[in-house]
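> Any chance you could fold what I've pasted below:
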Amino acid sequence: MIAAHGTEPAPDDDVYDPDVRKLVEAIRARRVGSLQDTGIEAARHSLESIVRPPGPDMRSVQTRDFTGPHGTVPVRIYRPHSTPDRDAPALVWFHGGGMIMGTLDSFDRLAREVAESARAVVINVGYRLAPEHRYPVAHDEACAALRWAHDNAHDLGLDPDRIGVGGDSAGGGLAAATALRARNEGGPRIAQQVLVYPGLERRCDRPSMRRFGDSPFLRAEDIDWMKSLYLGDDPEKDDEYGTPVLATDLRGLPPAVVICGYADPLRDGVEDYGRRLQEAGVSTAVIRYPGVGHGFFMQTHALARAREAMTEVGALVSARFAQLARVRFPPSEQTMDVRESRTAS
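Numbering: from 1, shown residues only. As a prediction, the model looks like this:
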């Protein structure tokens with residue numbers, strides 16, 4: 001079952017919320033071309049040059065690194081004021097950017113907001129980008145980051161039984177693939193997966209792709225271009241770790257939160273993956289947000305729907321972590337006896 005916030009809008013710009021429509025008008029006024037026409041370096045520079053308001057204050061923010069299979073990988077660790085010093089829940093997070101752009105700096109605000117809303121430590125991973133580093137480099141580094149978090153849970157003040165994975169867009173695809181590989185290889189254990197409009201497949205002929213494939217936020221031609229830069233030009237060589245929708249068995253995967261915007265060309269593929277998780281017996285919340293397109297989760301400072309989604313997704317993630325804590329640390333029999341004695345008296 002999919003939770004839909006609102007009704008199906010008309011097939012024109014009225015599909016967007018009023019605050020999103022302002023962004024659409026501004027983008028069109030600037031006559032912004034495709035990412036492919038812009039070029040990799042210019043696209044990277046454009047993303048890094050966006051000035052966003054500072055994110056929520058954290059108890060601590062640390063930049064560290066670990067040695068992965070392809071070299072040193074930087075990570076930035078966000079500990080919100082709501083988490084304890086020891087045995088804190090955590091999300092290993094993979095940022096978006098089509099596998100070709102994005103850094104720890106350009107996704108700093110999003111990492112802070114996820115940490116605050118989920119009441120969890122966020123480990124933001126600075127994986128290597130295509131085309132300089134094609135598949136499976138980023139996937140290997142995502143899996144290595146999860147293992148590093150587990151191996152260093154004590155030093156990082158984390159509860160090893162409450163470490164999840166998550167990501168937005170391309171990073172959501174990395175999170176889904178990491179969950180698949182961890183299941184297939186018998187670990188590390190993943191408490192939950194948070195997939196925010198994840199990039200799970202090459203462009204497919206789905207209704208949402210046909211209707212919104214010329215979206216000002218994500219174009220079909222750019223999906224083709226970015227996927228080819230990361231995966232290569234031959235789809236016959238794809239596997240489930242580079243293209244998670246190719247996985248034929250989704251049983252035994254961690255609980256999931258899967259979200260997408262109504263006007264996102266990826267919507268139908270994302271929601272179909274969520275349904276498949278549900279059909280495979282995986283506890284999965286699939287949420288569609290009306291009035292927004294791809295990338296809206298990054299726009300909490302400007303979009304009311306993004307703030308709504310951040311709050312709701314954070315609450316779901318936090319609740320799952322809290323349930324795991326109750327299972328792991330149930331009240332002792334001694335404490336229960338004391339309560340019963342007080343009640344009897």
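> alpha carbons only for contacts and neighbour counts from here, please
Fine.
> Tell me the confidence at residue 27?
For residue 27, the pLDDT comes out at 89.
> Helices of the stretch 1-150 of the chain, residue ranges please.
Under the criterion DSSP state H, counting those that start in this stretch, helices of the stretch 1-150 of the chain are mapped to 18-29, 35-38, 40-49, 108-118, 137-151.
> Can you tell me what sits against the third one?
With Cα atoms under 8 Å, 6 or more residues apart in numbering as the test, helix 40-49 has contacts from 35, 100-103, 105-106.
> If I look at residue 30, what pLDDT would I see?
Value for residue 30, per-residue pLDDT: 87.
> neighbours around it, how many?
Look at residue 30: counted by other Cα atoms under 10 Å, it has 8 neighbours.
> Buried deepest among the helices of the stretch 1-150 of the chain, which one?
Neighbour counts (mean count of other Cα atoms under 10 Å) averaged over each of those peak at helix 108-118, with a mean of 24.
> any idea of the mean pLDDT in it?
The model assigns helix 108-118 a mean pLDDT of 98.
> And the contacts of that helix?
With contacts defined as Cα under 8 Å, 6+ apart, helix 108-118 is touched by 52-58, 78-82, 93, 121-122, 124, 297-298, 310-311, 313-318.
> Most widely separated two among the contacts of helix 40-49?
Spanning the widest gap among those are 35 and 105, at 20.4 Å by Cα to Cα.
> Going by residue numbers, what spans are strands in this structure?
For the chain, applying DSSP state E gives strands covering 2-4, 60-68, 71-79, 88-94, 121-125, 158-168, 193-196, 256-261, 284-289.
> Could you list the buried residues of the longest helix seen in the chain?
Ranked by residue count under DSSP state H, the longest helix found in the chain is helix 304-328. For helix 304-328, burial by neighbour count (16 or more other Cα atoms under 10 Å) applies to 304-307, 309-311, 313-314, 316-318, 320-321, 325.
> could you check the angle strand 284-289 makes with it?
170 degrees (axes from the mean of the first three to the mean of the last three Cα atoms, to 10 degrees).
> Show me what helix 304-328 is packed up against.
Identification of packing neighbours for helix 304-328 by 3 or more Cα pairs under 8 Å, 6 or more residues apart in numbering; DSSP states H and E yields helix 108-118, strand 158-168, strand 256-261.
> Using JSON lines, lay out those together with distance to residue 86.
Formatted as JSON lines, the helices and strands packed on helix 304-328 follow (distance: least, Cα to Cα, whole Å):
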{"stretch": "helix 108-118", "distance to residue 86": "16"}
{"stretch": "strand 158-168", "distance to residue 86": "6"}
{"stretch": "strand 256-261", "distance to residue 86": "25"}
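> what's the closest of these to residue 231?
Of all the helices and strands packed on helix 304-328, strand 158-168 sits nearest to residue 231, with 18.3 Å by Cα to Cα.
> from the middle of its chain, how far away would the closest one be?
Here strand 158-168 is found 12 Å from its chain centre; the criterion is Cα atoms, centre = their mean, to the nearest Å.
> In its sheet, which strands sit next to that strand, and in what direction?
Strand pairing for strand 158-168, using DSSP bridges, gives strand 88-94 (parallel), strand 193-196 (parallel).
> which of the residues in the longest one are buried?
Yep, that's strand 88-94 we're talking about. Judged by neighbour count using 16+ other Cα under 10 Å, the buried positions of strand 88-94 are 88-94.
> any chance of the residues you listed in CSV, plus pLDDT?
Below are the buried residues of strand 88-94 laid out as CSV (pLDDT from 0 to 100):
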residue, pLDDT
88, 98
89, 98
90, 98
91, 99
92, 99
93, 99
94, 99
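> picking that back up, pLDDT on the longest helix of the chain, on average?
Regarding helix 304-328, the rounded mean pLDDT is 95.
> picking that back up, and the buried residues of strand 88-94, which is closest to residue 293?
residue 94 (19.8 Å).
> Dig out what that closest one forms beta bridges with.
residue 125, residue 167.
> Isn't it up against residue 166?
Yes - at 6.4 Å, residue 94 counts as touching residue 166 under the criterion of Cα atoms under 8 Å.
> Name the nearest residue to residue 289, sequence neighbours excluded.
Distances taken as Cα to Cα, 6 or more residues apart in numbering put residue 261 closest to residue 289, at 4.7 Å, once the chain neighbours are dropped.
> Next up, the contacts around residue 176.
Residue 176 sits next to 166, 193, 195, 200, 244 when contact means Cα under 8 Å, 6+ apart.
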